[in-house]
Structure formats: C-alpha cells, structure tokens
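Visitor: Sequence first, predicted coordinates after that:
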Amino acid sequence: MLSTSTKYYVPAPSTRMFWGSIALLCLAFGAASWMNGASSGRWVVLVGFAFLLVMLVGWFSDVIAESEGGSYNHQVDIGFRWGMSWFIFSEVMFFAAFFGALFYARNLAVPWLGDIDHKLLWPDFSATWPTAGPMGEKFAPMSAGGIPAWNTAILLTSGVTLTIAHHALRANHRRSLLIWLGATVGLGALFLFLQATEYMHAYSELNLKLTSGIYGTTFFMLTGFHGFHVTLGAIMLTVMWFRCAKGHFKPDHHFGFEAVAWYWHFVDVVWLLLFVLVYYL
Amino acid sequence: MAHSTADAAVAGHAHDHHDHAHDDHAHAAPSGFMRWLTTTNHKDIGTMYLWFSLTMFFVGGVLALGIRAELFKPGLQLWHPEFFNQLTTMHGLIMVFGAIMPAFVGFANWLVPLQIGAPDMAFARMNNWSFWLLPPAATLLVVSFFVPGGATAAGWTLYAPLTTQMGPGMDLAIFALHILGASSIMGSINIVVTILNMRAPGMTLMKMPMFVWTWLITAYLLIAVMPVLAGAITMTLTDRHFGTAFFNAAGGGDPVMFQHVFWFFGHPEVYIMILPAFGIVSHVIPAFARKPLFGYSSMVYATSSIAILSFIVWAHHMFVVGMPAAGVLFFMYATVLIAVPTGVKVFNWLATMWRGSMTFETPMLFAVGFLFVFTMGGFTGLICAIAPIDLQIQDTYYVVAHFHYVLVAGSLFAMFSGAYFWLPKWTGHMYDETLGKWHFWLSIIFFNVTFFPMHFLGLAGMPRRIPDYNIQFADFNMLATIGAFGFGLSQLVFLYTVLKCIRGGEKATAQVWEGAEGLEWTLSSPPPYHSFEVPPQVK
C-alpha cells in the first residue's frame, strides 16, 4: 500500500460543473434575448449569473477545503503552477487580439481610409490618429497625464505592496501580511475608482464614448477589459486576505496566494502596455 | 488520505476491476445517469466526448446532405437561398467545433493518461466541466435555427460585415462559440498539464508516444488561439449591439480586420484538427507494419515546426482582399514552407511501412487510406497556396474539395482508424472486422465520388456557398450528391459496428494487436476504472 503523500489527488464526482453549464446556458440565452430587445432576458441573465456565482463559490470552497485538509501533494501543486501559467498565457492571447486590432487600425486601416482611393468618398477625412473615422462625431482624446499617470503609479505600487505581503507570508509574519495585502486591495480599489472617474470625464466632458469610432472603440474595449480583470484580481486578493486572516497557508505551501499574485502582476503588465500604446502614443 | 468520501465499491461500473486494497481512492460513485453527469474519471469523460462528437457528426452530416440535396440539380428546389446559407454555415460550425475538435479531445482523455502511465487527468473536475459545457453550446447552435431570422448564415468564418447584419441567431452562435472556446481552453490546459506533470517515472519527453506529443502541441496551439477567436467574436458582438467600430469603415475600422483576427485563430485551428490525426496514424502504421515508427525525433520536430509556422501563414486565406504584394508573397512562401515538415511526416510513415510485414485490418486500412487521400489534400493545399492560382480558385469548389480532403479524409479517417484501433481496448471486445472493412471501403469510395468532382467544378469556376449553379456544372454536382448520400449512409455502418462492439464480441486480450506498443497495451481490455494508481516504470 502506498503512503498517501505519493498519491495524486483525484477529486470525487460532483454535480457542480453541470450546474455551471446550466448557468452559462441561461447567461447565453438571456443575454441574446436582452440584446435583441426582449428586456425580460435580463432576469434570465441574473438567474444564470447567480447560479454561476454559487457554483464557483462552492467549487473554490471545495478546493480550499481540500488544500487545507492536506490532499494536495507536491505533484498536485506543480500541476496548479503549470495550470495557472497556461491560463495566464491564454489571457495574454485574449488581450493580444485587441492590441492587434489597435495596431491594425492605427497603422493600416486608418491610413488606407485617407488614401487617394477614398478621397472620392470622403474628401474631408484626414487620416490622423486619434480619429473617430470619416463619419464619426468630434471628440477629444484622453491624455496620458493626470488620472492615467496616477493609475500607473498606483498599480505599480500595488505590485510592490503585494510582493512585500508575499515576503511576510514566507516569513510567517501574519500581521504584516494582512496589512500589506490589505493595502494592495485598497490600491486596486482606488485604481478602479479613478478609472470610473476617468470614464465619466470622457463621456461628460470629452464627448469620448464607446461609439466614438475606432478610437473610442479600442480605448474603451481595451481599458474596459483591463478594468474587468483588475476587478477580478481585486476580488481574488480579497478572498486571499480573508483566507490569510483565517490562518490559511504555510510559509512553504501557499500556491493559492501565489497564483493570485501572478495574476495581479499580469494585470499590471497589461496596464503598462495600455498606458504606452493607448494613452501615451 | 484526508478526504472523507465513503469507500463503497464503485457501483455500476461494468468494468470495475478495482482493487479494494486501495479503497481510499474509490469514491461513492453515483450510478446511472448521475455517474455520467458527475464523473471525474478520464475514461468516462473521454467516452462522453466521443459520443457527443459522433452525435454532432451525424447532425452536421444531415445539414451537409441538405446542402447536397439542393445541389443535386440546377435551379432552386428545396430551400430558400437564405436557408441554404444557414445550412452551409451551421454544417461548418458544427463539424469543426462540435464533431472534429471534441472527438480528438475524447481520444486525448481516453489515451493520454493511459499512454503516459498517469492515474487520471491533472484537473479531473475541470475535465468534467470541459465536457459538460459542450451540450449547452450545441443547444445554442441548434436552437438558433428556430429564432426569428434563423441561424447565422454568414459562413462558418463569420466574416464582417455579414455578421454585423444577421439576426439573433448570430448572437446565439457567438455565445455558443464563447462556451466552446472556454471548454477548449480548459480541456487544453488539462491536457498540457497532464502531459508535463504526470508522466510515469522514466518517460522523458523524447520517449513519449507520438499521440501524446501531437496533443501536447495541439493543446498549446488551442490555448494560444482560442482566446483570439473569443476576441474576434466579442468584437463582432459589440459592433452588433454596442456601437463599436472595429469592422465599420465609417468609424475608422475595417471589415478586413475581422479576417485577420479570425484567421490568426483559423489557421492554427486547421493544424489543431490535423495534428492529433497525425499522432493516431503514427501509432497505427507501426503496429500493422510490425516495425517501430521511422524517424521518431524528426516526427517530433516536424510537428513542432508545423505548429510554429501555423502562426505566420494566416493571410493565405485572404489573397483576394487586397493586401500589399509584399504581404501576399510573405504569406505564400511561409505557407509553402509547411510542405517541408508535412512531407517529412508522410515519408516517415512510408518508410515505416517499407519492408514491414504488413496486414490490413480496418485501422490500417483507414490509416493507409488517410495517407493516400490526405496527401492529395495536401497537394491541392499547395496549389491553393500559390497566390496567382488562388486568385482563380478562391471561393470556388476547388477550395471546398481541398479542405474536405484534409478534414474528412484527413482528420475523420484518422479518427476512424484510431477508433477501430483502440475500441477493443476501450470496450474489451473485438469489433466486427467484416463490418469495419465494409465501412472503410464504402467510406473511401463514396468520399472520392463526393469530393473528387468538386476539383473539376472549382477549376471550371463554380462558386461555393451558392444554392444554384449554371447548367454546365450539373453532371458533376449530381455525382457529388449521390456520393454524399452514399457516404452519409456508410457512416451508419460505423455506428452499428461500434454499438455491436460495446454489446459483445470476441474477448479482446490486453495486447489486442501483436504489433502494438505502448503502456495502454499493458493494461487489461477494458482497463480498470482507475488505471496506473502505481505509476509504471519506463525504461
């Protein structure tokens, strides 16, 4: 008979995943009807979202219980590390699609719209960036100074505070861990608050909207998806804070914490790219 | 072990050879339908993937027969043109995302843990979710036929601006693809991590079976490009409903941009659908030639080269959209370059058979059939890759012929080969060899009757995705339709053979095929519910 520590943990059968699938089915049907004018679709979306949330909370509770219960040996831990790395790689590729769209629009599509072939159709269009395209409304672009610069500083600082928290965890200094991790969550929330302020400024004063041609499109879609990821990251960090407060994790065994830290740094790097490519250039 | 599940015997498993000395691993497994709903077992999940994809294969096949019935003779007879377009679109989407891709994931689920000596997949619960995301997505696709305006009719490539003008069916297709993409990404992460982290001691990367290698690379491609597809269809969704201008020239966007983003996904996708097929054939041919695979390491490098090159050839699908000449030339040369590693593979398979003591059971017939017909599809692919020729044959039946030669005779035949090869291992029974041979010969003959004439139709200028055609194309179209119905009916032989094999038949030995090599043949047929709880030693 094997000693338990050498065995790879295979979890028991569960109905959670099936409910998660039903939740996504509700979300898809609800969103499709909502977007096509059936306002009752929003209730289906709500039900689907609630189901998904319950399912995910339950699933993660299982994982936390198994982890704290000692079910995960070294090999399982390595599997989690690989899994998280590949997940972040898939996220990188998702953002790459949108950065690619920005690159294509700025360097190819917009210049082509200003070339001699298009003069007949749109004689007054000047192909300069930023643009809302030949038929778009006038707007003022978002400047890189002010809120975006502050937000860059805030996210970079949050990366530092998170690293300090990680060192505290490794040194088993719980109090310092909670303080620095809490600071990271706070900085994340501040970032989101400032981002929301920036959006309101764009809509009310710059006439810069999601519908402001290709500039508005790429600006809001890229910063919006990033903001969504910051939100997810902040939620994950909050969960980690409560877990740390409950005494979870050991100095040498805390991949849940590390995975969230990896994710947070990934979100940070995406922001740096955004700051340079969307705001600054 | 800390988890506190009851140690009841795994009830309801016909093939349960569970050793009760290891009872802390036996969960109180539900039986009946709940077993399949809740399972975390890679074999159960693999079986569900395979049945799901076979079902979708028949659904997509019925749509294809709808297309061919309309094209039986010139003029409009059965469908409105709009519905015809829905048929071509949904045939493509269902076959690519519902049949071929899940079928290969099913093979991976069954085989990867057995071939590398692992107890299960790395993330067993996520594995269940990857599968159970598929039925909702399929529901969305099928239901989209019944919403106002019907299913999306923009072609499986979903080009803007057609997609920005479609009805609600388009949204359902977008959400279905999002869910299928999530399923693929989770499935692929699972496969990559299983391969990288759970190999038996002694199994170094260069000792891995070819099927495992091809899936490692396929999974990498999937993780890299499925998110890009998600991005592309998200852009379509926001262009449709939220006023963004990604694909709208009036707002400074460009419909051609969709094609670039889509094909950045789409071309690696082509290899996603063929690399595991290469893996299967690399097992079947050595087994029935009774020789080891010729040039194992060159196979590994060729597969990797194909994967790398697949990222820099996407615009060969777009030679007619008006790219700069430098772009056209780059994508043409890069594409032709792929013939080199693919050629390496074909010659390796030929060299494996060279002077082998060959027998031609059904798996080998399908493998050799694959080799012959897939190579023809590869050659027409080279012809399509030459930009000046492509200007002529773009969007004609020549292209339809080309990709059905590589997808049906390539991916599908390789899967049939693999299914016959491993069915005795999976079920514990030998399949009916006579029926298998009938299935092969009917399939390969009707396949060629269906698709070979399409080369001529395409060269003569018959456009694809059009429900009517000039009278001059009538004869070849009639022939193709007869072939298509013959091919479709032949697949019922496969269904019957599989069912018969599950229900009974000659008992299969553990080795099954005398020439087969690999860890999966060291286990009983069928293998125990939990295989390799103690990792085997690989020398």
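Guide: Nice, I can see it. Numbering: from 1, shown residues only, chains lettered A, B, ... in the order given.

Visitor: give me every residue that touches residue 52.
Guide: Unless you meant another one, I'm taking chain A. A:20, A:23-24, A:27 (CB atoms under 8 Å, 6 or more residues apart in numbering or on different chains). Backbone N, C-alpha and C define where each C-beta goes, glycine included.

Visitor: Chain B is the one I meant
Guide: B:F52 touches B:98, B:102, B:106, B:131, B:134-135, B:138, counting by CB under 8 Å, 6+ apart.

Visitor: Can you say which of the contacts of A:L52 are buried?
Guide: When the contacts of A:L52 are checked for burial by 16 or more other CB atoms under 10 Å in any protein chain shown, the buried set is A:20, A:23-24, A:27.

Visitor: Go back to those residues and keep what's next to chain B.
Guide: Of the residues in these, proximity to chain B by CB under 8 Å from any CB of the partner chain holds for A:20, A:24, A:27.

Visitor: Rebuild the residues you listed as a markdown table, extending it with secondary structure.
Guide: Formatted as a markdown table, those follow (DSSP: H, G, I helix; E, B strand; the rest coil):
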| residue | secondary structure |
| --- | --- |
| A:G20 | helix |
| A:L24 | helix |
| A:L27 | helix |
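
Visitor: can you count the residues close to A:H74?
Guide: 10 (other CB atoms under 10 Å in any protein chain shown).

Visitor: So it versus B:I116, what's the distance?
Guide: Distance, A:H74 to B:I116, using CB to CB, to the nearest Å: 18 Å.

Visitor: got it, and B:W215?
Guide: Distance from B:W215 to B:I116, by CB to CB: 10 Å.

Visitor: cool, B:K43 as well?
Guide: B:K43 is 15 Å from B:I116, by CB to CB.

Visitor: B:V62 now?
Guide: For B:V62 relative to B:I116 (CB to CB), the value is 38 Å.

Visitor: The two: which is more packed in?
Guide: Higher neighbour count among B:V62 and B:I116: B:I116, with 25 against 13, using other CB under 10 Å.

Visitor: nearest spatial neighbour of the more buried one, skipping sequence neighbours?
Guide: B:R199 (4.5 Å; CB to CB, 6 or more residues apart in numbering or on different chains).

Visitor: and that neighbour, what is it in contact with?
Guide: B:116-118, B:208, B:538.

Visitor: is it true that B:V142 touches B:G60?
Guide: No - the pair B:V142 and B:G60 fails to qualify as a contact (CB atoms under 8 Å) at a distance of 10.8 Å.

Visitor: residues near residue 105, how many?
Guide: Looking at chain A here, since you left the chain open. Neighbours of A:A105 using other CB under 10 Å come to 27.

Visitor: My question was about chain B, not that one.
Guide: B:V105 has 31 neighbours, counted by other CB under 10 Å.

Visitor: confidence score at it?
Guide: At B:V105, the model reports a pLDDT of 98.

Visitor: Specify the local secondary structure of it.
Guide: Quick answer, by three-state DSSP: B:V105 is helix.

Visitor: Surely it and B:Y49 touch.
Guide: Yes - using CB under 8 Å, B:V105 makes contact with B:Y49 at a distance of 5.3 Å.

Visitor: Chain B - how does it break down into domains?
Guide: B:1-38+B:520-539, B:43-273, B:295-508 (automatic domain parsing).

Visitor: mean pLDDT for those domains: which is lowest?
Guide: Looking at the domains of chain B, the bottom one is domain B:1-38+B:520-539 with a mean of 65.
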